[in-house]
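[1] Any chance you can model this:
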Amino acid sequence: MFVRPACQGLLDLFFDESPDSISTAKAICHACEYQKACLTEALERAEAYGVWGGTDYQERRLIAIASGYPVPSRRP
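    Model (predicted):
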């Protein structure tokens, strides 16, 4: 049986930059069985926006720098 990612249908929440939304999105990620795969994909793509795999932009930047992934950057 296919289990859908916990974030499915919640796109607005995962790209809302308010602290409350980020915290809620991260909590949803931490309960999702796809968290690790989602984070890996975001790191490989240098995803600069949204919550992916339970991490925000700044957390992914630090992980990328420490792990040799492409470093995401935000353009003005």
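[2] thought V3 was touching C32?
    No: at 9.1 Å, V3 does not count as touching C32 under the criterion of CB atoms under 8 Å. Placement of C-beta: from N, CA and C, glycine included.
[3] Just to check, A64 is in contact with A46?
    Yes: shown here, A64 and A46 form a contact pair, counting by CB under 8 Å, at 6.9 Å.
[4] what is in contact with the two at once?
    70-72 (CB atoms under 8 Å, 6 or more residues apart in numbering).
[5] which of the residues you listed lies closest to L11?
    L11 has its nearest neighbour among those in P72, at 18.8 Å by CB to CB.
[6] Quick check on the shared contacts of A64 and A46: which are buried?
    P72 (16 or more other CB atoms under 10 Å).
[7] Closest one of the shared contacts of A64 and A46 to T55?
    Taking the shared contacts of A64 and A46 together and measuring to T55 by CB to CB, the closest member is P72, at 10.6 Å.
[8] how near is that closest one to S23?
    20 Å (CB to CB, to the nearest Å).
[9] hmm, back to that, please say which of A64 and A46 ends up with more neighbours.
    A64 (18 against 14; other CB atoms under 10 Å).
[10] which SSE is the more buried one in?
    Here A64, judged by DSSP states H and E, is contained in helix 57-67.
[11] starting at the chain centroid, how far to that helix?
    11 Å (CA atoms, centre = their mean, to the nearest Å).
[12] before we move on, the earlier item: who has more neighbours out of V3 and C32?
    Shown here are V3 and C32; by other CB under 10 Å, C32 has more neighbours (19 against 8).
[13] residues touching the more buried one, list them.
    5-7, 38.
[14] I'd like the distance between it and D12.
    Taking CB to CB, one finds C32 at 17 Å from D12.
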